[in-house]
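In: Give me a model of this one.
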Amino acid sequence: MEAAPMETGRPAVSLGHVGPKYLLRLSAQKAEVDLAKQFLAKGGTLGGAAARGTTSFALSHSDTHQTFLLTETNQAIDLPVPAKLLETSRATFFDETKGSMKVGDSVGPHVLLSDRTRLNVVSTRTGAAINGTLVSTLSGTASVKLLDLFSTVDAKQAMVGENVAGKAPRPNVAVTQIPVRYPNWESINATIAVCQPQLIRVAADGTETEVSALFFTPTEQAQRLAQVQPVLKSIYDRAWQMTKDAVFAPEPNLHKSVVAERDAGFDMSGYSLAAAANDTPPALKPEVAEALLAATFEAELPSTHAQMLADLSSPSLKATSKYSRSIATGLSAAAAFAMPYRVDGTPADTPEGLKMFQSESWPVQANVDFGRLADDCDGQANLANQLIEQAWSLKTTGANMDALPNLRAVANSIGAHYVHGMTVLAANAGHADAADASKKSIAGHAIVTALPKTGFAAAMARGARAKIAGKFVVEPQFQRAVIAAQWEALYPQWLLDEMPADERPALASHEAARQLQTAAIAMGPQPLAIEGTTYASSQLYEHDDEKREERKLEFIGAKNSLEAFSPNILRVFKTLDVCETGEHAFYNALVEQSFSPKHGLMTSGPLRSMNAACCHVRHVKITPAGDVVGTGSSPKDLATGNFALVPLWTAGTEDGALIDEAHAEALSNTLPMRGEPIAASEKIFNKNMATLRDLDAFFHAPGKPDYESFPHSAIVSFASLVGNANAITDVAEVLKATPHVRGEIYGLDTAINGLAIGASGKELGRYIVIEVDLPRN
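Out: Below you'll find the predicted structure:
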């Protein structure tokens with residue numbers, strides 16, 4: 001902290017009528033292994049191939065992050081100091097001191113900051129997705145106290161008043177080293193050297209003045225949040241005990257209640273609730289997310305898109321039953337379009353060459369390179385979940401949803417009538433493109449499941465009446481009250497009031513809804529699976545025997561007709577609900593589902609008063625006598641209502657409030673969205689667009705004979721469109737090798753503004769769908 005600030009000497013840049021703003025200016029450089037050089041010299045696996053990537057920064061409470069290409073050469077960077085950070089710090093100071101302290105007159109211009117303010121960092125590398133596409137991949141993260149970057153003076157020189165206590169001043173250290181590590185791995189992947197930090201006030205006329213950073217310790221807040229770590233440990237222990245009391249026999253350790261966050265999380269402990277992943281910040285600005293969803297839903301509902309938007313202008317259950325499956329499939333398409341698949345982990349240099357070391361990392365940071373960032377199943381599923389959470393958040397915080405009709409449709413369908421969230425399940429492969437129902441092995445997998453609230457409530461009621469290890473999940477005297485409170489949390493009065501008048505009575509109480517759910521098990525809203533690793537139908541089960549047989553034959557026909565055209569760079573649509581065996585092609589059993597800690601089931605006062613609030617549930621098997629004897633629900637179980645849910649853990653009033661506060665602070669230190677388009681190769685984009693236009697002309701060439709065909713729909717991965725100069729050409733050549741193939745390409749001339757720009761400023765965002773009729777085998 002400098003007590004005598006001065007002008008920076010930089011030329012003034014007028015801000016127009018905007019008031020003064022603040023920024024953090026610092027010099028930074030980054031040291032890391034030259035993986036590209038090592039790969040070229042020694043070779044290695046495809047997963048190990050990597051090169052330097054970008055580094056993203058954000059201060060606590062930021063709305064957007066800033067991205068830079070840091071090297072060993074020192075460079076100055078500017079980071080906005082968010083107004084919310086200043087407001088929150090000031091409010092906390094006055095709330096805790098209650099006027100007993102004030103800043104001394106000798107300090108001069110300053111900003112007052114809590115010493116819990118942090119600088120948050122996400123580092124990426126350039127790597128390869130499973131299909132060879134050039135992508136960004138997580139290298140590591142860091143989160144450091146902003147205070148630690150500055151030299152300090154004794155607080156008694158800055159503050160006057162009662163009980164002023166200060167720490168010994170730290171000498172002026174030339175450089176602060178920030179280690180960048182993979183979230184659950186101690187090895188350092190890079191270090192960022194930071195020096196000469198300054199807080200700058202930028203006046204309305206653009207004049208810059210350095211100001212002092214005045215840090216204070218919010219003692220009461222620190223004491224409160226210190227209590228959350230024992231709570232988190234208790235949750236972990238209780239959840240782990242649940243895996244023993246309600247065993248998932250095929251893989252007893254398939255479970256996740258707590259996740260690692262490097263130097264962040266609850267009370268900066270390095271850990272957060274696994275359910276917190278459901279509150280990962282959205283990847284895109286609302287208007288860009290709206291444009292993307294408009295493209296995906298138009299592709300899914302080409303003749304009824306406009307009617308769907310009209311029908312879901314309010315939270316209609318009938319309209320949800322009609323459209324929710326297509327909406328969820330569209331969300332799978334969005335994830336497949338935007339995020340290539342790559343296993344969790346990071347490459348490392350070894351004497352034998354570069355090798356990929358797998359290490360799971362659940363996503364909590366916002367997408368730093370939307371359209372190019374690759375991730376494992378959890379990251380891809382979470383991207384779809386973010387769109388639902390963003391839609392619901394916009395709706396419930398008063399945004400103008402008339403300007404966002406596609407997001408409104410998501411909010412008024414899945415947001416209003418489903419419990420959705422990250423789900424851990426047992427599959428037969430690590431990702432859907434490798435699905436093989438003949439395999440007997442168990443692979444942990446993550447998707448988003450969306451369960452109709454009516455079915456979810458019925459399953460929770462079954463679980464409430466059950467016994468685990470001889471003890472009731474909910475004591476009998478509280479069961480009716482807990483079940484009623486859960487229903488009120490699922491359908492609060494304000495939501496009922498927004499629904500069409502003729503639909504409200506059926507959902508007015510749990511008892512009424514139970515009758516509706518029983519009567520409409522096959523015709524009402526269906527459970528949905530939003531698969532992130534491939535573009536897939538959200539349907540989990542077909543109730544009608546004849547239609548199920550038809551879907552099985554379609555699955556076999558699609559699989560056979562693709563053999564001559566695989567593998568390729570396209571994200572080809574798949575149905576997974578039934579395969580050659582008559583069972584689901586990919587999912588064996590669902591184990592656990594989490595949802596946002598902000599959900600009404602977690603924040604409900606009545607539920608907390610009965611120690612029954614929760615945001616993480618386990619699928620359990622119950623005997624006719626009411627005893628829990630295991631875990632796991634099949635897709636058919638979900639569709640037929642033959643499943644039960646119990647909380648993985650619960651919270652009461654005191655712990656619930658503590659979790660709220662710790663979760664809010666953790667979110668304030670979670671890297672937010674990028675907030676601006678990515679820069680992409682206009683040259684590669686133009687080449688691929690020309691190839692696609694030529695392919696479209698080939699599809700429509702006159703004189704093609706009729707042939708027995710199977711229709712396919714495929715998405716052009718955005719990372720391939722702007723980052724792979726050859727793969728789309730290869731696909732076109734393979735298709736042209738069969739001269740009579742017909743097809744149609746959509747989206748070539750519809751830009752998704754704000755997604756990506758080229759060097760000339762050209763908008764490169766395109767959601768391109770190829771529909772092609774392939775010969776049957």
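In: residues near S596, how many?
Out: S596 sits with 26 neighbouring residues when counted by other CB atoms under 10 Å. The C-beta positions use only the backbone N, C-alpha and C, and glycine is treated the same way.
In: Apologies, that question was intended for A274.
Out: By other CB under 10 Å, the residues close to A274 number 25.
In: Now do the contacts for the closest residue to it other than its chain neighbours.
Out: Taking CB to CB, 6 or more residues apart in numbering, and ignoring the residues beside it in sequence, A274 has K256 as its nearest neighbour in space, at 4.6 Å. Contacts of K256 were listed using CB atoms under 8 Å, 6 or more residues apart in numbering, and they are 274, 362, 424, 592.
In: And for R742?
Out: 699-700, 704, 709, 772-773.
In: How much space separates L590 from R238?
Out: With distances taken as CB to CB, to the nearest Å, L590 is found 21 Å from R238.
In: Neighbour count: the two, which is higher?
Out: Taking other CB under 10 Å, L590 and R238 do not tie; L590 has more neighbours (28 against 14).
In: ok, back up a step: grab the two from the contacts of R742 that are most spread out in space.
Out: H700 and S709 (15.4 Å; CB to CB).
In: quick one: which of the two has more around it?
Out: Ranked by neighbour count (other CB under 10 Å), H700 and S709 place S709 first, with 17 against 11.
In: so what's the closest residue to the more buried one other than its chain neighbours up against?
Out: Distances taken as CB to CB, 6+ apart place D773 nearest to S709, at 3.7 Å, with adjacent residues excluded. Neighbouring residues of D773 by CB under 8 Å, 6+ apart: 707, 709-712, 741-743.
In: Tell me what V111 is bridged to.
Out: Beta-bridge partners recorded for V111 (DSSP bridges): A213.
In: picking that back up, where's the residue nearest to A274, which helix or strand?
Out: Secondary structure assignment for K256, by DSSP states H and E: no helix or strand.
In: Repeat that for V617.
Out: strand 616-622.
In: Put the alpha carbons of that strand into CSV.
Out: The C-alpha trace of strand 616-622 is given here as CSV (Å, rounded to 0.1, in the frame of the first residue of the first chain):
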residue,chain,number,x,y,z
HIS,A,616,-27.9,-34.5,-3.6
VAL,A,617,-29.9,-37.7,-3.8
ARG,A,618,-29.1,-41.4,-4.3
HIS,A,619,-31.1,-43.9,-6.3
VAL,A,620,-31.9,-46.8,-3.9
LYS,A,621,-33.6,-50.2,-4.1
ILE,A,622,-36.3,-50.9,-1.5
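In: if we can go back for a sec, okay if I get the contacts of K256 as a markdown table plus distance to G43?
Out: As requested, those are exported to a markdown table (distance: CB to CB, whole Å):
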| residue | distance to G43 |
| --- | --- |
| A274 | 37 |
| W362 | 31 |
| V424 | 36 |
| E592 | 40 |
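In: Would you map the helices across the stretch 501-650 of the chain?
Out: For the stretch 501-650 of the chain, applying DSSP state H, counting those that start in this stretch gives helices covering 510-519, 545-562, 600-603, 605-609, 635-640.
In: Which strands or helices does the shortest one pack on?
Out: Helices and strands touching helix 600-603, by 3 or more CB pairs under 8 Å, 6 or more residues apart in numbering; DSSP states H and E, are helix 476-490, helix 653-668.
In: How about the fourth one?
Out: Helix 605-609 sits against helix 476-490, helix 653-668, with contacts defined as 3+ CB pairs under 8 Å, 6+ apart.
In: let's go with 6 Å and repeat that
Out: Under the contact criterion of 3 or more CB pairs under 6 Å, 6 or more residues apart in numbering; DSSP states H and E, helix 605-609 touches helix 653-668.
In: In its sheet, which strands sit next to the helix or strand that the helix it packs on is followed by, and in what direction?
Out: Going down the chain from helix 653-668, the next helix or strand is strand 678-679, by DSSP H and E. When pairing is defined by DSSP bridges, strand 678-679 lines up against strand 756-757 (parallel).
In: Pull up the pairing partners for the helix or strand that the partner strand is followed by, direction included.
Out: Of the helices and strands lying after strand 756-757 in sequence (DSSP H and E), the nearest is strand 769-775. Using DSSP bridges, strand 769-775 pairs in its sheet with strand 709-715 (antiparallel), strand 742-746 (antiparallel).
In: Reformat the ones you listed as JSON lines; add mean pLDDT and distance to V629.
Out: Shown next, in JSON lines, are these (pLDDT from 0 to 100; distance: least, CB to CB, whole Å):
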{"stretch": "strand 709-715", "mean pLDDT": "95", "distance to V629": "42"}
{"stretch": "strand 742-746", "mean pLDDT": "97", "distance to V629": "50"}
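In: right, so those: which one is the most enclosed?
Out: Comparing the strands paired with strand 769-775 by mean neighbour count (mean count of other CB atoms under 10 Å), strand 709-715 ranks first with a mean of 19.
In: and whichever helix or strand comes after that strand, C-alpha only, in CSV?
Out: Per DSSP H and E, the first helix or strand lying C-terminal to strand 709-715 is helix 718-723. C-alpha atoms of helix 718-723 as CSV (Å, rounded to 0.1, in the frame of the first residue of the first chain):
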residue,chain,number,x,y,z
PHE,A,718,-17.3,-25.8,-34.0
ALA,A,719,-13.7,-26.6,-33.0
SER,A,720,-13.4,-28.5,-36.3
LEU,A,721,-14.9,-25.7,-38.3
VAL,A,722,-12.4,-23.2,-37.1
GLY,A,723,-9.5,-25.4,-36.0
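In: Who are the packing partners of helix 718-723?
Out: When contacts are defined as 3+ CB pairs under 6 Å, 6+ apart, helix 718-723 packs onto helix 682-699.
In: Could you list the domains of this protein?
Out: In terms of domains, the chain is parsed into 21-220, 228-341+376-541+584-667, 678-775 (source: automatic domain parsing).
In: quick one, which of these is packed in tightest?
Out: Among these, the stretch with the highest mean neighbour count (mean count of other CB under 10 Å) is domain 228-341+376-541+584-667, at a mean of 21.
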